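Novice: What would the 3D arrangement of this be:
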Amino acid sequence: MLKNYFITLLRNMRKHVLHTSINIVGMSVAFTCSILLLVMIHFDFSFDDMHKNKDKIYELYTYLNEPTGIEYSSSMGYPVVSTIKNEGIGVDKATRIKNRGKEIRYNDKTLEQNILLVDDDFFSIFSFPVMKGEAAHPLANTGDVVLTEKTAGNLFGKENPIGKMVELKIGGKWNKLVVSAVLADPPKNSSVSFSVLARTELDPDYTIQKDDWNFQQHRVIVQLKDNVSKEAVEAGLRNYAKKYNQFDEDYLKNKGYTKDAKGDYAGLGLLPLKQLHFSGQLNIGNSVSKSFLYILLLIACVIVLIACFNFVNLNVGLAFTRTKEIGVRKCLGANKRQVWLQVWGESFATVFVSMLIAFITSIVLMNGFNKLMQVNFDTSLLFQPAIIGYLVLILFLVSFIASGYPSSIMSRLKTVEVLKGKITIRRPGIFRNALIVAQFVIAIGLICTTIIIYQQFQHLRKAPLGYNSKSLVSIPIRKEDHGKEIVAKMRSLLSSQTSIESVSGSSVNFGMGTDGSISKMSYGFGYKGKSITTNFLSGDFDIIKTLGLPLKEGRDFSTNYASDSSYAVIITESMAKQLGDDNIVGTSFYSDSSRPKWNVVGVIPDFHLYSMYETADPLTICMEKTEALSYILIRVNTQNPAATMALIKSKYAEVEPGVEFKGSFVNENIDRWYANEERLSKMFSIAALVAIILSCMGLFGMAFIIIRQRVKEIGVRKVLGASVSGITALVTKEFIKPVIIALLIAVPIVWWMLNKWLQDFMYRIEIKWWVFVFSGLVAIFIAIATVSFHAIKAALANPVKSLRTE
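Specialist: Presented below is the predicted three-dimensional model:
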């Protein structure tokens with residue numbers, strides 16, 4: 001019997017080549033998109049699963065109930081880790097995590113690596129396997145250093161690194177350390193990535209700032225004690241913050257901050273380790289929005305759903321061409337179950353072939369998918385047990401969804417009526433039209449969403465940041481402790497070039513550079529009885545000129561003023577407003593009692609140092625002898641950017657020989673800020689295109705079936721004098737109605753969803769009415785173009801051929 005079913009399957013496929021092709025191609029395309037998206041979704045949701053105590057690990061953060069909304073920060077002061085474990089609030093272990101330094105060397109070999117400064121509890125909290133050396137306490141001493149396998153291999157080759165002396169450059173100072181352990185390389189799905197680990201105490205700032213709560217420059221990870229809840233610890237953190245006076249409530253109240261349900265203007269909170277990867281508010285480098293992943297999941301589902309709708313519609317239409325076959329089988333003794341299994345088995349075979357094609361296609365397209373989504377997956381992810389399990393589940397689920405209904409119709413047909421030929425379709429069924437409506441609701445929704453996301457993306461990219469980002473080049477400096485000297489040399493080398501307007505330096509990059517780093521530094525201090533908070537940027541001569549900022553008062557940093565090289569500052573208007581002095585230029589004040597006073601030499605308008613997701617907060621730009629510069633900023637004026645960049649690269653090679661040039665235009669850096677929005681825009685564009693193609697394929701196949709069933713009606717109409725255009729319009733009209741209904745349903749749903757999505761942006765577009773009109777017209781035009789082929793062909797056919805059996 002199985003052999004008979006298989007032969008019948010092949011015969012039906014050959015007999016209905018068009019519909020079989022539409023089903024297989026449609027399902028294959030849908031499955032391919034879904035598999036690739038599923039790999040990405042599974043990868044992101046698997047972040048930090050490798051840690052044994054993951055359910056007890058949290059990141060400490062602060063929140064401020066600002067007038068414009070809640071502001072979150074993961075930056076902490078050094079005293080936090082020193083005190084929090086002794087407060088009896090349920091914290092068992094704690095470690096600082098701070099990015100500090102880039103260089104490690106062994107003998108004459110120097111590598112640029114990702115160096116983290118941590119505490120010894122780091123290894124008790126996280127479960128990174130120790131491959132060699134001390135496993136219990138790898139950083140028990142401040143003279144120890146831990147390497148990953150990759151770093152150890154690059155630095156030592158086949159030599160055993162344990163016990164060897166290496167040098168680590170931290171804050172401009174080379175430290176001699178002993179390799180105590182080698183860890184397995186952190187997996188790609190880890191929120192904490194590193195190449196080298198060393199003790200926090202090695203930071204030159206530690207001695208000065210270890211008791212200062214205001215200098216907040218690192219993250220803090222804690223592990224809770226057994227049987228202690230997050231809520232209980234957060235309640236303890238409330239008292240902890242008050243005990244150490246971490247927040248000036250009088251200042252926050254005067255600034256218009258609001259109290260939360262607990263009656264606090266600000267406080268400390270715990271973010272679970274499993275949520276780190278999804279917390280964009282804490283500005284963790286590799287974070288991704290959960291809503292973005294849910295959108296990807298939704299896209300995968302709707303694409304498969306459209307393919308399923310096509311499958312159902314085409315199979316229902318074809319079911320009535322097999323009525324006599326089913327009738328004969330029932331006469332020969334086949335029961336409902338056998339008929340259902342036969343029809344479902346044929347559909348399952350089609351779905352299985354589609355899934356197989358899609359799996360192979362996914363392997364082939366993986367590299368292209370990596371480029372599109374700006375990820376780095378390899379094909380081995382497709383063979384993970386979880387992914388295979390998902391695919392098997394999808395295979396059976398889709399086969400039941402797509403073929404269950406047609407199979408049920410076929411199994412319920414009455415034998416006598418079938419053999420008498422009474423089973424006919426006179427008009428399109430409600431179910432069929434409902435599926436067409438659903439398809440085009442999705443297609444129209446995706447078209448609208450694509451346009452609006454693209455508009456918002458362009459709005460973010462082109463919104464004025466307050467400084468002139470055009471023709472501005474940013475270059476990462478490797479030897480940051482010599483940053484001022486390197487900037488001065490570049491200024492001297494480029495001074496005679498007509499294409500160079502000015503050269504300066506900064507401790508913070510503008511946008512996200514090719515080095516992938518994002519840094520943020522803030523200061524908090526008291527001034528005339530007020531608490532002052534400001535973002536901080538260490539700058540160099542001509543920084544205002546280089547950034548293209550207008551001056552409200554005072555002047556730029558200048559080589560004509562020797563005092564500028566010693567704690568001169570330029571502040572933004574909001575920072576000046578915080579200080580509250582009338583004649584702010586010339587004012588001097590302490591930001592840190594252990595350092596000289598800051599001297600205000602200029603005031604500039606507020607501008608967006610960071611992305612448009614954040615407000616333009618108060619900012620202080622300072623020239624200090626001790627502060628390192630991490631980036632060279634160059635203002636160019638040229639009609640040939642490529643040639644100018646080549647010139648800059650050649651000069652940079654003279655000031656930092658042997659160092660890879662990673663310079664980029666700031667406009668490109670700004671684009672990297674909005675990589676997620678760009679990915680989302682591309683994804684919806686592709687999803688909309690796939691949805692439209694699948695919908696068109698379904699309409700094309702349905703039009704063929706329906707027109708074939710009405711061929712005699714069309715012949716009679718032609719004999720009675722109907723024109724080709726009249727018949728074409730008559731047939732096409734039936735398929736346009738569902739599209740118009742779909743438009744009316746899609747518009748309010750899409751407007752509500754996108755309007756809600758836009759509320760997450762501080763700077764956002766307004767949704768225009770023409771987006772919906774355009775999307776509707778596109779859908780209607782595509783539907784007409786798809787159906788018209790069969791409609792015109794039927795209208796031009798010779799009526800004699802269609803009526804000759806009568």
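
Novice: and residue 503, what is it in contact with?
Specialist: Counting by Cβ atoms under 8 Å, 6 or more residues apart in numbering, residue 503 makes contact with 487, 490-491, 494, 542, 546, 632-635. For glycine as for every other residue, the C-beta is placed from the backbone atoms N, C-alpha and C.

Novice: Residue ranges in the stretch 701-806 of the chain under the pLDDT threshold?
Specialist: Residue ranges of the stretch 701-806 of the chain with pLDDT under 70: 701-702, 704-705, 708-709, 724, 790, 797-806.

Novice: one more time with 90, if that's ok
Specialist: Within the stretch 701-806 of the chain, the segments meeting pLDDT under 90 span 701-743, 746, 750, 752-806.

Novice: circling back to that earlier point, and the contacts of residue 503, which are buried?
Specialist: For the contacts of residue 503, a burial check counting by 16 or more other Cβ atoms under 10 Å picks out 487, 490-491, 494, 542, 546, 632-635.

Novice: Which members of these are positioned in strands?
Specialist: Members of the buried ones among the contacts of residue 503 lying in strands (criterion: DSSP state E): 632-635.

Novice: Closest one of these to residue 465?
Specialist: residue 633 (14.2 Å; Cβ to Cβ).

Novice: May I have the residues that are in contact with that closest one?
Specialist: With contacts defined as Cβ under 8 Å, 6+ apart, residue 633 is in contact with 472-474, 503-506, 510, 543, 546-547.

Novice: Leaving out the residues flanking it, which one is nearest to residue 100?
Specialist: Leaving aside its sequence neighbours, residue 100 sits nearest to residue 117 (Cβ to Cβ, 6 or more residues apart in numbering; 4.9 Å).

Novice: related to what we said a few turns ago, among the contacts of residue 633, find me the one that's closest to residue 44.
Specialist: Nearest to residue 44 among the contacts of residue 633, with distances taken as Cβ to Cβ, is residue 510, at 28.3 Å.

Novice: what's the closest non-adjacent residue to that closest one?
Specialist: What sits nearest to residue 510 in space, not counting adjacent residues and going by Cβ to Cβ, 6+ apart, is residue 666, at 4.8 Å.

Novice: and what of residue 241?
Specialist: Nearest non-adjacent residue to residue 241, counting by Cβ to Cβ, 6+ apart: residue 268, 5.3 Å away.

Novice: Not counting stretch 430-439 itself, show me its contacts.
Specialist: 305-306, 309-310, 312-313, 316-317, 405, 691, 694-695, 698-699, 702, 735, 737-739, 741-742, 745.

Novice: ChimeraX command to pick out the buried ones of those residues?
Specialist: The following ChimeraX line selects those of the contacts of stretch 430-439 that are buried, judged by 16+ other Cβ under 10 Å:
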select :305,306,309,310,312,313,316,317,405,691,694,695,698,699,702,735,738,739,741,742,745
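
Novice: returning to what we had before: what would the ones in strands among the buried ones among the contacts of residue 503 look like in TSV with pLDDT?
Specialist: As requested, these are exported to TSV (pLDDT from 0 to 100):
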residue	pLDDT
632	91
633	93
634	92
635	93
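
Novice: Distance to residue 298 for those - can I get that in TSV?
Specialist: As requested, those are arranged in TSV below (distance: Cβ to Cβ, whole Å):
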residue	distance to residue 298
632	44
633	42
634	44
635	44
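
Novice: quick one on the thing from earlier: just the element for the residue nearest to residue 100, please.
Specialist: Assigning secondary structure by DSSP states H and E places residue 117 in strand 115-118.

Novice: pLDDT of that strand, averaged?
Specialist: For strand 115-118, mean pLDDT rounds to 92.

Novice: Direction included, what does it pair against?
Specialist: If you go by DSSP bridges, strand 115-118 pairs up with strand 91-99 (antiparallel), strand 196-199 (parallel).

Novice: Return the distance of the longest one from the chain's centre.
Specialist: By that I understand strand 91-99. 27 Å (Cα atoms, centre = their mean, to the nearest Å).
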